[in-house]
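Q: with the sequence up front, the predicted model follows.
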Amino acid sequence: MRNAAIALALLALGGAGLAAKLPAGYPTCNVKAADLSTCLAKAVDAVIHKLKDGDKALGLPSDDPLHVKEIVLDLGHGGPISILLTVKDLDVRGLSKSIWKSAKLDTQKHELVLEALTEHMRMDFQYTASGKILVIAVQGDGPAFFEFDNVNSTHTLKFKPVHKKDKTFWTVTDYKMDINPGAMRSHLTDLLKGNKAVSDQINAFLNTEWRQFYAQIKGPGEEAFGTILKSMSQRVFDRIPITDIFINVEN
C-alpha cells in the first residue's frame with residue numbers, strides 16, 4: 001500500500017542511472033562491484049529524497065505526498081470484516097523518509113529485491129464502503145485515514161529485456177510487495193450513516209483489532225499498489241536503456 005507500500009524504489013534506481021543527464025547528485029552502481037548491494041541501497045535512499053517533488057522529464061509525480069485517484073479493495077466475503085472499500089483521492093505521506101535497508105540485483109534472473117523501513121506513514125482519502133463488520137451492516141462514505149508506524153516493506157521486481165534500435169531496455173513484468181506495519185490507526189467517518197455512536201464503536205473495534213483489519217487489507221492493498229508502482233516505474237525503463245541505468249550490466 002505502497003505502505004506497500006511503500007516506497008518508490010524502482011523509480012529511484014531509474015533516476016540513479018541518469019547521473020550523466022541529470023544534475024549532480026544522482027549516484028550510479030557497478031553491477032560487477034563487490035559492494036553492489038550496499039551501493040544500491042545508498043543510491044535508492046539518496047534518490048528517493050532527491051525525487052521527493054517528482055521529475056517532469058521522466059513523467060514522475062511527487063512521491064510525498066503520493067497521490068492516487070482511486071483504488072477499490074475487496075476485503076473478503078466472510079469473517080468479522082467483509083466490506084467492499086472504494087478509496088478516492090488518496091494522499092500517501094511519509095514515503096520520502098523511508099530508510100532503504102538493503103537492495104539485491106540478480107542480472108541473470110532480472111530481479112531486484114529491496115527492503116525498507118518507514119517509521120511513519122499516513123494515508124488520507126475519501127471512501128465509500130458497503131458490507132458487514134461483525135454483525136453490523138455498514139453503508140458509509142466520507143473522509144478517512146490510515147496511519148502506520150514502523151512499516152517494514154519488501155519490493156520484488158522482475159524484468160524482461162527488450163531490444164530497440166541496438167539498445168536494451170527492461171520491461172517490468174512483475175512488482176510484488178510485502179508490507180508489515182508495527183502499528184496501525186484508522187478512522188472512517190459515518191460508517192453507519194446517521195448513527196455516530198455505532199460508527200464510533202465500529203471504528204474503536206477496527207483500531208483495537210487492527211491486526212485483523214490489516215490482515216484483510218494487506219493482500220488487496222499490496223496488489224493495488226504493486227500495479228501502480230509497476231506502471232510508474234515502467235515510465236523510467238521505457239525511456240532509459242538499461243546500460244545507462246547500471247554500469248557493466250549485460251544486454
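A: Happy to help now that I have it. Residues are numbered from 1 along each chain as shown.

Q: switch to C-alpha atoms for all contacts and neighbour counts from now on
A: OK.

Q: so how far is Gln139 from Ser96?
A: As judged by CA to CA, to the nearest Å, Ser96 and Gln139 stand 35 Å apart.

Q: neighbour count for these two, which is higher?
A: Remark: of Ser96 and Gln139, Ser96 carries more neighbours, 25 against 16, as counted by other CA atoms under 10 Å.

Q: what mean pLDDT does stretch 99-116 get?
A: Average pLDDT, stretch 99-116: 88.

Q: next, count neighbours for Ser98.
A: Ser98 has 25 neighbouring residues, counting by other CA under 10 Å.

Q: what does it show for phi and psi?
A: In terms of degrees, to the nearest 10, the main-chain angles of Ser98 are phi -60, psi 150.

Q: hang on, it packs against Met121?
A: No: between Ser98 and Met121 there is no contact under CA atoms under 8 Å: 9.3 Å.

Q: what helix or strand is Thr227 located in?
A: helix 210-239 (DSSP states H and E).

Q: now do that helix: which elements does it pack against?
A: helix 9-16, strand 66-74, strand 167-180, strand 183-188 (3 or more CA pairs under 8 Å, 6 or more residues apart in numbering; DSSP states H and E).

Q: nearest to Ile242, of those?
A: Nearest of the helices and strands packed on helix 210-239 to Ile242, taken as CA to CA: strand 167-180 at 5.2 Å.

Q: in the closest one, which residues are buried?
A: Thr168, Phe169, Trp170, Thr171, Val172, Tyr175, Lys176, Met177, Asp178, Ile179, Asn180 (16 or more other CA atoms under 10 Å).

Q: how about the fifth one, what does it touch?
A: What it means is Val172. Leu157, Lys158, Phe159, Lys160, Lys230, Ser233, Gln234, Phe237 (CA atoms under 8 Å, 6 or more residues apart in numbering).

Q: try 7 Å
A: Taking CA atoms under 7 Å, 6 or more residues apart in numbering, we find Val172 in contact with Lys158, Phe159, Lys160, Lys230, Gln234.

Q: how many neighbouring residues does Phe205 have?
A: With other CA under 10 Å as criterion, Phe205 counts 14.

Q: which other helices and strands contact the helix or strand that contains it?
A: Phe205 is part of helix 196-208, with elements assigned from DSSP H and E. Using 3 or more CA pairs under 7 Å, 6 or more residues apart in numbering; DSSP states H and E as the contact test, the elements touching helix 196-208 are strand 183-188.

Q: Leu90 is in contact with Asp124, correct?
A: Yes: between Asp124 and Leu90 there is a contact under CA atoms under 7 Å: 5.7 Å.

Q: not counting its neighbours along the chain, what's nearest Gln234?
A: The shortest distance from Gln234 to any residue other than its chain neighbours is 6.1 Å, reached at Val172 (CA to CA, 6 or more residues apart in numbering).
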